[in-house]
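Novice: Here's my sequence, what's the structure:
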Amino acid sequence: MPWILPLLLGATIGAGVWLVLRELLPTQPALNSALDRLSGADQPRNPALEVHDGSISDRLGVVVSRRVSLPRIKGITPSPADLELIGKAPHTLLGEKVLVALIGLIALPACGVLFSALGLQLPLIVPVFGTLLLATVFWFLPDLEATSKAQAARAEVTRAVGAYLELLAIERMSGAGAIQATEGAATVGGSWPFQRISQTLQLARFAGVTPWAALDQLGDSLEVPALHDVADIMRLAGAEGAAVVEQLRGRARSLRGAQISLDRAAANDDSTRMTIPATLTVGVFLLAMVIPVGMTVFSQGAG
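Specialist: Okay, here's the model as predicted:
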């Protein structure tokens with residue numbers, strides 16, 4: 001038990017420092033959000049993923065980001081486009097990472113107290129390296145969550161673009177011009193991807209930018225290739241007056257086919273993952289039986 005008291009002391013001090021920082025950090029809105037609200041240029045995002053300013057993670061992330069610049073890890077750290085897509089500020093993600101890592105630092109000492117109550121004593125190497133390992137794993141959990149949400153949101157945008165292509169074809173068949181069709185089709189849908197496209201086109205009109213150039217920029221900022229396809233087709237219609245109805249419908253069909261394939265692959269992955277909880281449950285049950293016996297044998301051997 002000699003290792004438990006130092007770890008508990010360190011965890012208590014860390015929790016105390018965190019509580020003090022929580023009370024001392026001022027609550028202030030993000031500058032970008034405040035300017036967007038004042039100018040009316042705030043862009044609609046997925047409402048289910050909206051993050052409110054002034055939370056603990058926001059305030060902590062602002063303080064940490066001012067002092068530390070963390071490198072991006074390809075394949076783990078979400079890209080700026082991912083964060084833009086889910087409406088999460090980089091400092092908010094950083095604050096979440098710090099909070100979750102603190103939980104990882106405290107979790108293993110708490111388990112050590114439980115083992116001590118059961119009369120079991122773990123070797124010193126277990127809590128030291130285990131705590132560091134758990135905190136490291138927890139540090140990356142918000143990254144993985146943000147990346148997963150961004151993938152889902154990007155798939156939703158792609159599906160919306162498929163519907164947008166069909167609406168564009170209808171607009172063109174009714175005799176609308178390229179610019180009128182591009183803007184009019186975006187106002188039909190009420191989902192957040194349609195709102196984002198519609199507002200982007202409105203801002204482009206006020207700025208004197210062509211709709212297809214605005215769609216190209218939106219495709220870059222969200223990393224949605226389908227928006228580039230829409231921009232290319234409508235650019236051709238606007239520049240040459242070409243009949244693009246079949247191109248629009250053909251691209252919509254290909255997007256639907258690709259999305260169906262992705263949905264099937266996701267369903268297969270979900271079926272495979274359904275077996276993981278049962279396997280983990282059996283593993284935890286076996287560990288719960290083996291660890292006490294092993295610790296007892298270890299203690300008797302050491303004595």
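Novice: How far off centre is the strand or helix carrying residue 246?
Specialist: Assigned by DSSP states H and E, residue 246 falls within helix 245-273. How far helix 245-273 lies from its chain's middle: 22 Å, per CA atoms, centre = their mean, to the nearest Å.
Novice: Also stretch 161-174?
Specialist: In terms of CA atoms, centre = their mean, the centre of stretch 161-174 is found 30 Å from the chain centre.
Novice: Return that stretch as CSV; C-alpha atoms alone will do.
Specialist: Extracted C-alpha coordinates of stretch 161-174, given in CSV (Å, rounded to 0.1, in the frame of the first residue of the first chain):
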residue,chain,number,x,y,z
VAL,A,161,-25.4,16.9,-52.1
GLY,A,162,-27.0,13.9,-53.9
ALA,A,163,-30.4,15.3,-53.3
TYR,A,164,-29.2,18.8,-54.2
LEU,A,165,-28.0,17.5,-57.6
GLU,A,166,-31.5,16.1,-58.3
LEU,A,167,-33.1,19.4,-57.3
LEU,A,168,-30.6,21.2,-59.6
ALA,A,169,-31.7,19.0,-62.5
ILE,A,170,-35.4,19.8,-61.8
GLU,A,171,-34.6,23.5,-61.7
ARG,A,172,-32.7,23.3,-65.0
MET,A,173,-35.6,21.3,-66.6
SER,A,174,-38.0,24.1,-65.6
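Novice: neighbouring contacts of that stretch?
Specialist: Residues outside stretch 161-174 that contact it (CB atoms under 8 Å, 6 or more residues apart in numbering) are 180-182, 184-186, 188-189, 193-194, 197, 224, 226-227, 229-230, 233-234, 237, 243-245, 248-249, 251-252, 255-256, 259. C-beta coordinates here come from the backbone N, C-alpha and C atoms, glycine included.
Novice: run the last query once more with 7 Å
Specialist: Residues outside stretch 161-174 that contact it (CB atoms under 7 Å, 6 or more residues apart in numbering) are 181-182, 184-186, 188-189, 197, 224, 226-227, 230, 244-245, 248-249, 251-252, 255-256, 259.
Novice: need the helices for this protein, in chain order.
Specialist: Using DSSP state H, the helices of the chain run over residues 4-24, 31-39, 56-67, 80-86, 90-117, 125-173, 178-186, 192-207, 211-222, 225-240, 245-273, 275-302.
Novice: Including mean pLDDT, mean neighbour count and distance to residue 73, could those go into JSON lines?
Specialist: Shown next, in JSON lines, are the helices of the chain (pLDDT from 0 to 100; neighbours: other CB atoms under 10 Å; distance: least, CB to CB, whole Å):
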{"stretch": "helix 4-24", "mean pLDDT": "56", "mean neighbour count": "12", "distance to residue 73": "25"}
{"stretch": "helix 31-39", "mean pLDDT": "47", "mean neighbour count": "11", "distance to residue 73": "25"}
{"stretch": "helix 56-67", "mean pLDDT": "78", "mean neighbour count": "17", "distance to residue 73": "17"}
{"stretch": "helix 80-86", "mean pLDDT": "90", "mean neighbour count": "20", "distance to residue 73": "13"}
{"stretch": "helix 90-117", "mean pLDDT": "81", "mean neighbour count": "18", "distance to residue 73": "12"}
{"stretch": "helix 125-173", "mean pLDDT": "87", "mean neighbour count": "18", "distance to residue 73": "8"}
{"stretch": "helix 178-186", "mean pLDDT": "89", "mean neighbour count": "22", "distance to residue 73": "36"}
{"stretch": "helix 192-207", "mean pLDDT": "92", "mean neighbour count": "18", "distance to residue 73": "28"}
{"stretch": "helix 211-222", "mean pLDDT": "92", "mean neighbour count": "20", "distance to residue 73": "21"}
{"stretch": "helix 225-240", "mean pLDDT": "84", "mean neighbour count": "19", "distance to residue 73": "24"}
{"stretch": "helix 245-273", "mean pLDDT": "79", "mean neighbour count": "13", "distance to residue 73": "23"}
{"stretch": "helix 275-302", "mean pLDDT": "69", "mean neighbour count": "10", "distance to residue 73": "24"}
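Novice: of all those helices, which lies closest to residue 74?
Specialist: Within those, the stretch nearest residue 74 is helix 125-173; the backing value is 11.4 Å (CB to CB).
Novice: mind putting the helices of the chain in a markdown table, distance to residue 74 included?
Specialist: Listed next are the helices of the chain as a markdown table, based on distance: least, CB to CB, whole Å:
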| stretch | distance to residue 74 |
| --- | --- |
| helix 4-24 | 30 |
| helix 31-39 | 26 |
| helix 56-67 | 20 |
| helix 80-86 | 12 |
| helix 90-117 | 16 |
| helix 125-173 | 11 |
| helix 178-186 | 34 |
| helix 192-207 | 27 |
| helix 211-222 | 19 |
| helix 225-240 | 19 |
| helix 245-273 | 22 |
| helix 275-302 | 26 |
